[in-house]
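Asker: below: sequence and its predicted model.
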Amino acid sequence: MSTMTFGRAINAGLRRAMENDPKVVLMGEDIGKLGGVFRITDGLQKDFGSHRVLDTPLAESGIMGTAVGLAYRGYRPVVEIQFDGFIYPAFDQIVCQVAKLHYRTQGAVKVPLTIRVPFGGGIGSPEHHSESPEAYFTHTSGLRVVSVSNPQDAFVMIQQAIASDDPVLYFEPKRRYHVKGEVDEGVDLGATSMNDAKVVTEGSDVTLVTYGPLVPTAQNAAIAASDDGISIEVIDLRSLAPIDFATVEKSVRKTGRLIITHEAAQSGGLGAEIAASITERCFYHLEHAPVRVTGFDIPYPYSKLEFHHLPDLDRILDGVDRALGRSNSLSSRSGLEG
Amino acid sequence: MSTMTFGRAINAGLRRAMENDPKVVLMGEDIGKLGGVFRITDGLQKDFGSHRVLDTPLAESGIMGTAVGLAYRGYRPVVEIQFDGFIYPAFDQIVCQVAKLHYRTQGAVKVPLTIRVPFGGGIGSPEHHSESPEAYFTHTSGLRVVSVSNPQDAFVMIQQAIASDDPVLYFEPKRRYHVKGEVDEGVDLGATSMNDAKVVTEGSDVTLVTYGPLVPTAQNAAIAASDDGISIEVIDLRSLAPIDFATVEKSVRKTGRLIITHEAAQSGGLGAEIAASITERCFYHLEHAPVRVTGFDIPYPYSKLEFHHLPDLDRILDGVDRALGRSNSLSSRSGLEG
Amino acid sequence: MPLNNDADATQDELVQLIAPNGERRSNAAYDRWVSDVDDAALQALYEDMIVIRRIDAEATALQRQGELALWPPLLGQEAAQIGSGRALREDDFVFSSYRENGVAYCRGVDLTDLLRVWRGNASAGWDPYAINMAPPQVIIGAQTLHATGYAMGVLADGADSVAVTYFGDGATSQGDVNEAMVFAASYQAPVIFFCQNNHWAISEPVGLQAHVPIAHRAPGFGIPSVRVDGNDVLACLAVTREALDRARTGGGPTFIEAVTYRMGPHTTADDPTRYRDANELEDWAAKDPIARLAALLDARGLLSAEVADSVKATADDVAARLREGCISMPEPQVLDVFKHVYSEPNSWLDRQQDSYEQYLKYFDSADADTAASNSSREVNR
Amino acid sequence: MPLNNDADATQDELVQLIAPNGERRSNAAYDRWVSDVDDAALQALYEDMIVIRRIDAEATALQRQGELALWPPLLGQEAAQIGSGRALREDDFVFSSYRENGVAYCRGVDLTDLLRVWRGNASAGWDPYAINMAPPQVIIGAQTLHATGYAMGVLADGADSVAVTYFGDGATSQGDVNEAMVFAASYQAPVIFFCQNNHWAISEPVGLQAHVPIAHRAPGFGIPSVRVDGNDVLACLAVTREALDRARTGGGPTFIEAVTYRMGPHTTADDPTRYRDANELEDWAAKDPIARLAALLDARGLLSAEVADSVKATADDVAARLREGCISMPEPQVLDVFKHVYSEPNSWLDRQQDSYEQYLKYFDSADADTAASNSSREVNR
Ligand SMILES: Cc1ncc(C[n+]2csc(CCOP(=O)(O)OP(=O)(O)O)c2C)c(N)n1
Ligand SMILES: Cc1ncc(C[n+]2csc(CCOP(=O)(O)OP(=O)(O)O)c2C)c(N)n1
Ligand SMILES: [Mg+2]
Ligand SMILES: [Mg+2]
């Protein structure tokens, strides 16, 4: 057990993966000498050499496409996308190649690619540096998508993602990089699966589902609500595609109420899929329609306004009140049932 | 009133828009002399000149990015993406520029772009020619997305899309291009809005929501079900972002049951958003969880198997049975409530 | 915004070893790369081209007869594909577009595998590792990056294999192709960019994509390039061998522009009479790649009736096997639709597959029960 | 896969009119483009560079003091930006990256507008049509296509304005920049590609992006190019004027590579000591763009104490106004967050805005009611 920051935990996980498998290579912009703009790859080029930690030309499609070629050749590339908003030039290679190659070749070609994406807002950055594009990828068949919320998971799941023979998008909540936590580096990687959701706070009145950067916020909401005598069960999804609906379903069968919170825009976001799937699975156990507390349907705003866009403790608690039929901001709204 | 094919109706709408506004220019691959691989722009270069109907180099990001530049200069570009699967190289320009420029510049720069996308399957084509990528765009704030299902709407809505000061993705169900219908070219464009959904078959037992290529299939399902004494109300969404939930809600308040069908993969598809939003809006009117009948979470398969992937009359009717609590394929499934 | 067509993208001098009339042209720089090509080898190249043209014709016929959904003919591009394809070593790896059936033939593809995609039975016709060739890439230009990445891997492995990527003149406009050149130059990857400039990208002439010869682009990225007569099989062999040698010996990437002509439609779904002149086709027919090698062989007395008959017999046999393989191709199984999306279990998809299996079962039994009422339901399929 | 750095992307000869020591070099091809630049004009260029360097320093200080969230310094690139920026006509249109604050200054930007983005008060600091310059583009290279499209529109309008796009050395690796050259060449659009090769893309040296001089790339697309000393304001003015003239008279696009150096960090968030040599910085300090113009002016007796004082006073005044504008910038309104996503009503977003307004109201009143219990809720914000 040692205490380390979130960012350091990913670094340690990458290092471990590189030690264990010489086919693991890292690629990205500024990840070598600089160690990445967030220093996640700090020291790795120095220790493993520039043939395993590649500073690439400034071209995301090029990075992704050459990573596919390296996969053809038996490598396990780990690609860093510098910021969420810079993944789109690689979208074609991800959707048409990374996601489909295994299916296309009936399993002959594996694409064990890991795509690391620092994502989410709250760090006071300009445009394109604070986005939450995960829903584009969870809707893309052939990809796996995970998001981590604490140093221990970060350490373990980066290794599980790299070990997976399927391509994995690994979303890192950049505003939590400096959060510290205990990390057990001796843990058995096979003891857990990155596919499983985790109940991080137990509760009985309402199920609050989230992932990545909002997990601590949700946990704080549970603490705050307990002052009001409300017991919130918080689930950290960890895997966003596929989602471990069995765990969510089990919780909702118990609580009868569901809230989902994420930073991404509401319409077509992951919250919709969770609400729809859980409604399908346990409609008769639901006491209230699933409630979504999310970012608005707007481009990510300039930083002076970003905390209006981002769900926070108060908005989540208002959503909890809504799910529980308690007085809330929309109580008086006409035409709204919930 | 005249009878014309779906494809011809779009052509007529484009022609009308070009006649009415000299700033309307068409751009795309092979749209000039060839008239497009589907001949939708047939004859337009001949009649309006190569300065208004541009055969472009083979580069979708280039097409989209130069269209943005033309919009800066006051033009209204109408871009043809040759097939759904070729829109991804332009994804970055669409998501980061087309969608955000108006917001970025606080309204100073308008991007009245129309992006025409022949989409969907069922035509026996190889990979990348049969996809339904609409959910990527409906989740992208700043864009409007519509899909047309019949020649009259095709004629009217292409003009409304071009007239809109917002960027519009206009999804054309390519397997319906040859379907004929009555088109009133004298119709008043202002009399309808492309934002409104339309009840295309009235019914009372269950609401069936769809758009684009599956509208005729849904209407046929309603006919078939009526033989069994089941009354299906079919709604053609027309606008996919935003969705006219008021119309859907009204119907579901009446029927108490909702089915959504689309060709795109289920997880994260538009069906999830519709199920979640309608559940939020009229939870206590629902007799059953919304049912989704969609494509599978797979890359679009090779054509010999495509009709398994695509929802058809039978799968829709099975979904209807499920929503009505009648005997259906999943009746005996354990762990499933609905 | 009319197109400026002043500059001609086809002006430059070409490497040519066999003139259109069949004369052997000596070339100080390139003769040495084909000095080992003896009479038998020349005859073999001839047979290859005849066979692949025959495959192309047979596949086109199969499409016309409804046995294939689509076919992208390579008619006219035989020399470019056979010349380059025959230069490769088994451990080289090819990343091509959809039109390189001649290259696949050189790689030793099973004939039936050539047709799977176009019959709608598969998204990739062959196991890439079986013939060291990736499946046809539909997304224009995407494969050039895969080749470059593969070549970076070869370099890291300390091997001397080469990645070869094929693409068209139109593809050179795509960002990916240009990024591939950036990466290839950056890492000095052993990759060959083999561009078949067949003068058309569906209905768009090459002049729309490029105002100067395409081969001029690579040097700006730091990549040597060569422009070759793409209808001259010997010249294509020579320039490819030179590029392979450079790549194997640490010299990095090479760009080859093979100037040729797409004599057929873009695919069997295309109608080129809508956009191109019959005269142009005639001009190029005079430079036919097979005719010119035939003329050379003939002049050297290497095309006896016996030889011609033997070649024809081979082509007939190949065509017959191709047709037989096409027609007897087994139908895919319904549940294949769910296979290989993931290599590990996936709860979302597994549930969907399970539901669909139940649906199929239910439907079968319902069918049996109420055949009459169901028949109405099937009308719309 | 180690990087091959053999070829040097900075080898070529540069257009230079003022040597690093301040000597005026005559140049047969380019002198005529600056023959009208008299003493007063030279002094004005000097003042521009001093002012913009001062703006840069002041903004950097504002960032250090917490008044700005971030700032991308242009230190060292003053000549490239002022030289090219001063060549433009009012009706030309600029599409730049985030670093072209010197160009924005030439366009007549309101000083406060320079800072809005970096203070977090806006995503675009100015109305593009007010100064004919698009807002800073963050997506590397994307703006080059916008410029090309704009130029296609100029051509269609029969106008003689020119679109000018600025981007870095790193940007040249992006597909978009290459596609922009394809389109510009295809349509012979009146666009200037102005690449400031400042030797670094964050921590990556230019040799990683290009193995031969960047200016060599354009001719392969059919676009004439020129390599200019980017620290020579007069040379930058001259080559830009030539390119503008070509564009205005139907000659199509030009690519300019201005070889310069980023003397500061990538942004105020960057620490260049992690990746670059102090020596390199020293070498470039000796080629400082302002020092060399000062030397020239001095040699000609144009830099009297009076002139220097006046320039300094102007810079002081600009800096004071910049600071004042920054500090007194009004805070954005909460509901601005919903504005201008669409230009027409949108039922989804309108509903969300309505809910949020209700939430804010509710929360305000709840705050008043139960200030104590809510305080705990706000901890996490
Ligand atoms: C990204 C993408 N855009 C568009 C298409 C549609 N398309 C298929 S082939 C083709 C023309 C290709 O021309 P070229 O590169 O010259 O190759 P050729 O067909 O001549 O061999 C086009 C536009 C595609 N397959 N992929
Ligand atoms: C598409 C994209 N990828 C990555 C980034 C992150 N990024 C911002 S600036 C930069 C370096 C740009 O270098 P260069 O083009 O030389 O311009 P300079 O900063 O030197 O002016 C990078 C990688 C980005 N903004 N956009
Ligand atoms: Mg071609
Ligand atoms: Mg730079």
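Answerer: Received, thanks. Ligands and ions are numbered 1, 2, ... in the order given.

Asker: neighbours of the closest residue to A:Ala9 other than its chain neighbours, how many?
Answerer: Residue nearest to A:Ala9 in three dimensions, not counting chain neighbours: A:Pro151, with 3.8 Å by C-beta to C-beta, 6 or more residues apart in numbering or on different chains. For glycine as for every other residue, the C-beta is placed from the backbone atoms N, C-alpha and C. Neighbour count of A:Pro151, defined by other C-beta atoms under 10 Å in any protein chain shown: 26.

Asker: quick one, what contacts A:Pro151?
Answerer: Listed by C-beta atoms under 8 Å, 6 or more residues apart in numbering or on different chains, the contact set of A:Pro151 reads A:Met4, A:Thr5, A:Phe6, A:Arg8, A:Ala9, A:Val179, A:Lys180, A:Gly181, A:Glu182, A:Val183.

Asker: show residues contacting the helix or strand where C:Tyr359 lies.
Answerer: If you go by DSSP states H and E, C:Tyr359 is part of helix C:347-369. If you take C-beta under 8 Å, 6+ apart as the criterion, helix C:347-369 is touched by A:141, A:195, A:241-246, B:266-267, B:296-298, B:308, B:314-315, B:318, B:328-330, B:332-333, C:334-335, C:338, C:341-342, C:374.

Asker: mind giving me the domain split of chain C?
Answerer: C:6-327, C:334-380 (automatic domain parsing).

Asker: quick check: which of those domains is buried the most?
Answerer: Counting by mean count of other C-beta atoms under 10 Å in any protein chain shown, domain C:6-327 has the highest mean neighbour count of the domains of chain C, with a mean of 21.

Asker: so for it, what's the average pLDDT?
Answerer: Averaged over domain C:6-327, pLDDT sits at 97.

Asker: kindly state the beta-bridge partners for A:Val78.
Answerer: A:Leu26, A:Thr114 (DSSP bridges).

Asker: do you know the pLDDT at it?
Answerer: At A:Val78, pLDDT is 98.

Asker: where does chain A dip in pLDDT?
Answerer: Low-confidence segments of chain A (pLDDT under 70): A:334-338.

Asker: please redo it, this time with the cut-off set to 50
Answerer: A:335-338 (pLDDT under 50).

Asker: chain C: which of the contacts of A:Pro151 is nearest?
Answerer: A:Ala9 (24.1 Å; C-beta to the nearest C-beta).

Asker: is it true that the closest one touches A:Gln159?
Answerer: No - in this structure, A:Ala9 is not within contact of A:Gln159 by C-beta atoms under 8 Å, at 10.8 Å.

Asker: looking at the two, which one has more neighbours?
Answerer: A:Ala9 (29 against 23).

Asker: measure that one to ligand 2 for me?
Answerer: 24 Å (C-beta to the nearest ligand atom, to the nearest Å).

Asker: cool, and A:Tyr72?
Answerer: 25 Å.

Asker: secondary structure class of the closest residue to that residue other than its chain neighbours, three-state.
Answerer: Spatial nearest neighbour of A:Tyr72, chain neighbours left out: C:Tyr150 (5.1 Å); criterion: C-beta to C-beta, 6+ apart. Secondary structure, DSSP: H, G, I helix; E, B strand; the rest coil: C:Tyr150 is helix.

Asker: C:Tyr150 and A:Arg73 touch, don't they?
Answerer: Yes - using C-beta under 8 Å, C:Tyr150 is in contact with A:Arg73, at 4.9 Å.

Asker: now do the shared contacts for these two.
Answerer: What both C:Tyr150 and A:Arg73 touch, as defined by C-beta under 8 Å, 6+ apart, is the set C:Phe93.

Asker: now C:Asp48: closest residue in space that isn't a chain neighbour?
Answerer: C:Ile82 (4.5 Å).

Asker: quick check: residues of the stretch 1-150 of chain A near ligand 2?
Answerer: Selection of the stretch 1-150 of chain A residues close to ligand 2 by C-beta under 6 Å from any ligand atom yields A:Glu29, A:Leu58, A:Glu60, A:Gln82, A:Phe86, A:Pro89.

Asker: the last one reaches D:Ser173, doesn't it?
Answerer: No - with contact defined as C-beta under 8 Å, A:Pro89 does not count as touching D:Ser173 (10.7 Å).

Asker: overlap of the contact sets of the two?
Answerer: In contact with both A:Pro89 and D:Ser173: A:Ala59, using C-beta under 8 Å, 6+ apart.

Asker: how about the stretch 1-150 of chain C: which residue is closest to ligand 1?
Answerer: C:Ile140 (3.8 Å; C-beta to the nearest ligand atom).

Asker: what does chain C give?
Answerer: In chain C, no residue comes nearer to ligand 1 than C:Gly168, which is 2.2 Å away by C-beta to the nearest ligand atom.

Asker: tell me the contacts of the residue nearest in space to the middle of chain A?
Answerer: By C-alpha atoms, centre = their mean, chain A has its centre lying nearest to A:Ser147, at 2.2 Å. Going by C-beta under 8 Å, 6+ apart, A:Ser147 touches A:Phe119, A:Glu134, A:Tyr170, A:Phe171, A:Glu172, A:Pro173, A:Tyr211, A:Gly212, A:Leu237, A:Arg238, A:Leu240.

Asker: return the member of these nearest to C:Trp200.
Answerer: Proximity of the contacts of A:Ser147 to C:Trp200 (C-beta to C-beta) peaks at A:Glu134, which lies at 41.2 Å.

Asker: what residue in chain A comes nearest to ligand 2?
Answerer: A:Phe86 (3.7 Å).

Asker: residues contacting the nearest residue to that residue once chain neighbours are set aside?
Answerer: If the residues on either side of it in the chain are set aside, A:Phe86 comes closest to A:Glu60, at 5.9 Å by C-beta to C-beta, 6+ apart. Counting by C-beta under 8 Å, 6+ apart, A:Glu60 touches A:Ile81, A:Phe86, A:Ile87, A:Tyr88, A:Pro89, A:Ala90.

Asker: then C:Leu297?
Answerer: C:Leu42, C:Gln43, C:Tyr46, C:Leu303, C:Val307.

Asker: count the residues that sit near C:Gln333.
Answerer: Using other C-beta under 10 Å, C:Gln333 is surrounded by 9 other residues.

Asker: so it versus chain B, what's the distance?
Answerer: Distance, C:Gln333 to chain B, using C-beta to the nearest C-beta, to the nearest Å: 9 Å.
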